[in-house]
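1. What would the 3D arrangement of this be:
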Amino acid sequence: MSLVAFNPLEHRGIPLDDQLRNWAQLDVAPVDPDHSDPYTRCRIITMNGIEVEAIMFSHHFNRVCPDTEVKQQLASVRYIEAQQQKVVNWLLPGQASVLETTLAYEQVAVDLTGWVARMEPDPYLKQAYNFGLLEDFDHLYRYANLYELIEHRKAEKIVDQLTEVMPGRPGYQQHRDPVDNVREPYDREAAAPISKLHALTIMSAEQQTMNFYMNVGPMYMEPIARQLYQEIGLVEEEHVTHYESLVDPGETWWERLVNHEYNECYLYYSFMQTETDPRVKGIWELHLNMELEHLRIACDLMRRHDGRDPESVLAPALPEPVTFEPNKQLVRELLATQIDWTTLGTGYVQEAHQRFEEYQDKINAERGAQETVIDDHRDKFGDEYRLETEGPHPVQRLRDKPAT
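-> Alright, predicted model coming up:
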């Protein structure tokens, strides 16, 4: 832990009445896509997903809450959250193509999930992150090949040398019977506070990726692009089911509310510590000071309506900051040991089983776009696009075949 751990429960933020921003304040300049740190873009994408989840959770809460005063309080905070989401998401550069933003989304999925998997203390939760990581890693590879195929550019323009690009769990193996996407939840009474934050963070990030692909996929004219977004978009739906089922459904609405607000404080604080762009760092700091007040309000609501002290479910201080950094060694270890894994019920197996094979036979009756995009790239360029900075692929059969 840090020498002086930051406890958001001990800090007062900006009063809610002072948080409303006018149009000029909301009109933030985007980052420079050619000169900004790729991980700055990853932090932007992550916080957009976190804010979208906060907004949608509050809307769902609003729909089941009978108390008008509480609904008004939720609405007041939610509008500020919506302003935060606009500022964060509008930091993305308009001149970046949808596919370039997609590559950044998958870089988030790889390196955020990789960091969480390394830090997660619960073995079952860690396995859940490792499992999904290998599929998002493969998505990065598929989209990178599409990027060169239709935009004639290479993915290192986006991911730099921070994240490798090569096959993960093969695309056709990522489609499972939906019943096998449901995991066991953590126990809200026994789980470490960091485990709850991890689950909420990855669920939010994957949910936003699912939403993004649902909306942008049909905007392409190229058939292979439309098909690839459709196929990977369905895998992202599986991932949201996978991750959201880790959260204990026994948590009350009030408990979930304080967990959401605490997690926002945690991530804004984390990114404030690690941000390399001074202007963006200032936005993370401003939003942290807003979220401290949102957390205070949520804690008051929990005390009044749930009859419990928020300190009983929250960490006494923020864990070590979430950090975007390369996870190449972890990914290579998982590729070497878990690439053939699938799920059975709420567990994992290395061998295909009857339900998995029957589902595969139906959905893969026609060759999927995740395979076709590689075929098309090979047809056009003579090989496939990869970025292997640490040597050949750890799985022999997945090593790139030289062009003939």
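2. Please count neighbours and contacts with C-alpha atoms only from this point.
-> OK.
3. burial of Asp187, as a residue count?
-> 15 (other Cα atoms under 10 Å).
4. Helices of the stretch 101-250 of the chain, start to end?
-> Applying DSSP state H, counting those that start in this stretch to the stretch 101-250 of the chain gives helices spanning 123-151, 156-159, 193-216, 223-244.
5. Determine how far the first one lies from the middle of the whole chain.
-> Put plainly, it is helix 123-151. Averaging C-alpha positions (Cα atoms, centre = their mean, to the nearest Å) puts helix 123-151 12 Å from its chain's average.
6. tell me what it is packed against?
-> Where contact means 3 or more Cα pairs under 8 Å, 6 or more residues apart in numbering; DSSP states H and E, helix 123-151 is packed against helix 98-119, helix 223-244, helix 328-338, helix 369-381.
7. Between the ones you listed, which one is closest to Lys362.
-> Nearest to Lys362 among the helices and strands packed on helix 123-151 is helix 223-244 (14.0 Å), distances taken as Cα to Cα.
8. Which positions in the closest one come out as buried?
-> 224-244 (16 or more other Cα atoms under 10 Å).
9. Output it in CSV with nothing but the alpha carbons.
-> Taking Å, rounded to 0.1, in the frame of the first residue of the first chain, the C-alpha atoms of helix 223-244 are listed here in CSV:
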residue,chain,number,x,y,z
PRO,A,223,-19.4,-6.7,-45.8
ILE,A,224,-16.4,-8.2,-43.9
ALA,A,225,-16.4,-5.3,-41.4
ARG,A,226,-20.2,-5.6,-40.8
GLN,A,227,-19.8,-9.4,-40.3
LEU,A,228,-16.8,-9.1,-38.0
TYR,A,229,-18.5,-6.5,-35.7
GLN,A,230,-21.6,-8.7,-35.6
GLU,A,231,-19.7,-11.8,-34.6
ILE,A,232,-17.4,-10.2,-32.0
GLY,A,233,-20.3,-8.2,-30.7
LEU,A,234,-22.1,-11.5,-29.8
VAL,A,235,-18.9,-12.7,-28.0
GLU,A,236,-19.0,-9.4,-26.0
GLU,A,237,-22.6,-10.2,-25.0
GLU,A,238,-21.3,-13.5,-23.7
HIS,A,239,-18.6,-11.6,-21.8
VAL,A,240,-21.0,-9.3,-20.1
THR,A,241,-23.0,-12.3,-19.0
HIS,A,242,-19.8,-13.9,-17.8
TYR,A,243,-18.6,-10.9,-15.8
GLU,A,244,-21.9,-9.6,-14.4
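10. Outside of that helix itself, list whatever touches it.
-> 128, 132, 139, 146, 174-175, 178, 181-183, 199-200, 202-203, 206-207, 209-210, 213-214, 217-220, 368-370, 372-373 (Cα atoms under 8 Å, 6 or more residues apart in numbering).
11. Next, the angle from it to helix 98-119.
-> 30 degrees (axes from the mean of the first three to the mean of the last three Cα atoms, to 10 degrees).
12. Need the contact partners of the helix or strand following helix 223-244.
-> Proceeding N to C from helix 223-244, the next assigned helix or strand is helix 253-274, under DSSP states H and E. By Cα under 8 Å, 6+ apart, the residues outside helix 253-274 that reach it are 8, 43, 47, 50-51, 54, 58, 61, 196-197, 200-201, 281-282, 284-285, 287-288, 291-292, 294-295, 298-299, 301-302, 305-306, 310, 313-314, 318-323.
13. Is it correct that Thr343 falls within a helix?
-> No. Counting by DSSP: H, G, I helix; E, B strand; the rest coil, one finds Thr343 to be strand, located in no helix.
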